[in-house]
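Student: Predicted coordinates and the sequence they were generated for:
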Amino acid sequence: MTEFELIQTYFQRGAHGPSVVVGNGDDAAVVSPTPGHQTVISVDSVVAGRHVPTLCPPEGFASRLLGRGLSDLAAMAATPRYVLLSLTLPSFDAGWVDQFAEKFHHLAVQWGVDLIGGDTTRGPLSGQVTVIGEVPEGQAVTRKGARPGDRLWLLGQDLGGARAYLEVLSGSVAEHVIWAERYWRPEPLLDLGQALRGQTHAMIDVSDGLCQDVGHLLQGAAQPLHVEIDLDSLPLADGLIARFGRERALEMALTGGDDYVLLAAAPPDRSFDAGHCIGRFEASETPRISLDGQPVPADWSLGWDHSR
């Protein structure tokens, strides 16, 4: 199968939404922006042997690739519109590509994005998505804006399951359904992110570890802040404490990443049914995080670092 046959067979499907003037299959896509809106764009990559196992199931690869990318739009309170896909394959294996494409298209429909273009080539397995969304003018929520008195809200399911699944992949613990779900099928909180427009001062998704991503909120603040996190308020993934003990479970939850929940700095008079208030922001001489009044343990690696 040639590259062009692969694209025509697996990645050109059906009609696009009315805003797509020229879709997948031409030299470039043409879209009509929504009046009164601003465009939000993010790029994300998944590389086999780095972000997923070298031998990676096609449906899991598709789910992680698109889910991770769209989570960035959720964190900006954006409505998803389009996606561009670049796929590098060791071989044009029709069976693998068919399962990947079926899952990718299914999720694109579920999450409301049109696949409007991309590229395929031969090489070590990797995928890149460029996700494009929009927000009403002036309503994007950024990492900047946390202020003294704000509450730190965690919005979404739970923490630590995806990190625990790495222990399953390494063979050190038995399979666990919930951990596998968290790892292979991240759920971008798109509707929730949009509902938070005008409700929060700052927001970020937890992709690289909760402590590290809270650090990004501190970096973006206009003044030095201290975040006090209440450990008992953290929602931990099923089975985490039973298998690893409380201290190790908390380390996984706070540093593991790949959770794709949202962290929001919100005024103290706001409350969210879909979330947990896990801490508060206070004025400080220097930006810092504490856990139940204690510093973050010095021997913790605070999260994922793409350079390592």
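Tutor: Noted; the coordinates are in hand.

Student: Could you use CA atoms for every contact and neighbour count after this?
Tutor: Will do.

Student: In the strand or helix carrying residue 67, which residues are buried?
Tutor: Residue 67 is located in helix 58-75, with elements delineated by DSSP states H and E. Going by neighbour count (16 or more other CA atoms under 10 Å), the buried part of helix 58-75 is 58-75.

Student: next one: stretch 99-115
Tutor: 99-105, 107-108, 111-115.

Student: How about stretch 268-284?
Tutor: Quick answer for stretch 268-284 (16+ other CA under 10 Å): 275, 276, 277, 278, 279, 280, 281, 282.

Student: What's the end-to-end length of it?
Tutor: Start-to-end span of stretch 268-284 (CA to CA, to the nearest Å) is 18 Å.

Student: now stretch 108-116
Tutor: 11 Å.

Student: Stretch 26-40 too?
Tutor: For stretch 26-40, the first-to-last residue distance is 23 Å (CA to CA).

Student: Contacts for it, please.
Tutor: Outside stretch 26-40, the residues within contact range by CA atoms under 8 Å, 6 or more residues apart in numbering are 19-23, 73, 76, 78, 116-117, 132-138.

Student: shaky segments in the stretch 1-150 of the chain?
Tutor: Where the stretch 1-150 of the chain drops to pLDDT under 70, the residues are 14-15.

Student: So which residues of it form helices?
Tutor: With DSSP state H, counting those that start in this stretch as the criterion, the stretch 1-150 of the chain has helices at 3-10, 58-75, 94-111.

Student: Quick one, which of those helices gets closest to residue 166.
Tutor: helix 58-75 (14.3 Å; CA to CA).

Student: helices and strands around the closest one, which ones?
Tutor: strand 37-47, strand 79-89, helix 94-111, strand 126-136, helix 177-184, helix 190-195, strand 202-205 (3 or more CA pairs under 8 Å, 6 or more residues apart in numbering; DSSP states H and E).

Student: how about 7 Å then?
Tutor: If contacts are counted by 3 or more CA pairs under 7 Å, 6 or more residues apart in numbering; DSSP states H and E, helix 58-75 sits against strand 37-47, helix 94-111, strand 126-136, helix 177-184, helix 190-195, strand 202-205.

Student: any idea which of those is most buried?
Tutor: strand 202-205 (a mean of 29; mean count of other CA atoms under 10 Å).

Student: How is this protein partitioned into domains?
Tutor: With domains defined by automatic domain parsing, the chain comprises 3-136, 151-295.

Student: can you redo the ones you listed as JSON lines with distance to residue 301?
Tutor: What follows is these, written out as JSON lines (distance: least, CA to CA, whole Å):
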{"stretch": "domain 3-136", "distance to residue 301": "17"}
{"stretch": "domain 151-295", "distance to residue 301": "7"}
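
Student: among those domains, which is nearest residue 145?
Tutor: Between those, domain 151-295 lies closest to residue 145; by CA to CA that is 5.0 Å.

Student: Tell me which stretches of the stretch 151-300 of the chain form helices.
Tutor: According to DSSP H, counting those that start in this stretch, the helices that the stretch 151-300 of the chain contains are 161-169, 177-184, 190-195, 210-220, 240-244, 246-255.

Student: quick one: which of the buried residues of stretch 99-115 is nearest residue 124?
Tutor: Out of those, the member with the shortest distance to residue 124 (by CA to CA) is residue 100, at 15.8 Å.

Student: Pull up the gap between the closest one and residue 5, please.
Tutor: Going from residue 100 to residue 5 by CA to CA gives 16 Å.

Student: How about residue 124?
Tutor: Distance from residue 124 to residue 5, by CA to CA: 20 Å.

Student: Please identify which of these two sits among more neighbours.
Tutor: The neighbour count for residue 124 versus residue 5, taken as other CA atoms under 10 Å, is higher for residue 124 (15 against 10).

Student: Chain neighbours aside, what residue packs nearest to that one?
Tutor: residue 90 (5.2 Å; CA to CA, 6 or more residues apart in numbering).

Student: Would you confirm that that neighbour contacts residue 123?
Tutor: Yes. Look at residue 90 against residue 123 with CA atoms under 7 Å: they come within range, at 4.8 Å.

Student: any chance of the helices of the stretch 1-150 of the chain in a markdown table, plus distance to residue 172?
Tutor: Converted to a markdown table, the helices of the stretch 1-150 of the chain look like this (distance: least, CA to CA, whole Å):
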| stretch | distance to residue 172 |
| --- | --- |
| helix 3-10 | 37 |
| helix 58-75 | 21 |
| helix 94-111 | 28 |
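
Student: So for residue 195, which of those sits nearest?
Tutor: So among the helices of the stretch 1-150 of the chain, helix 58-75 is nearest, using CA to CA, at 9.9 Å.
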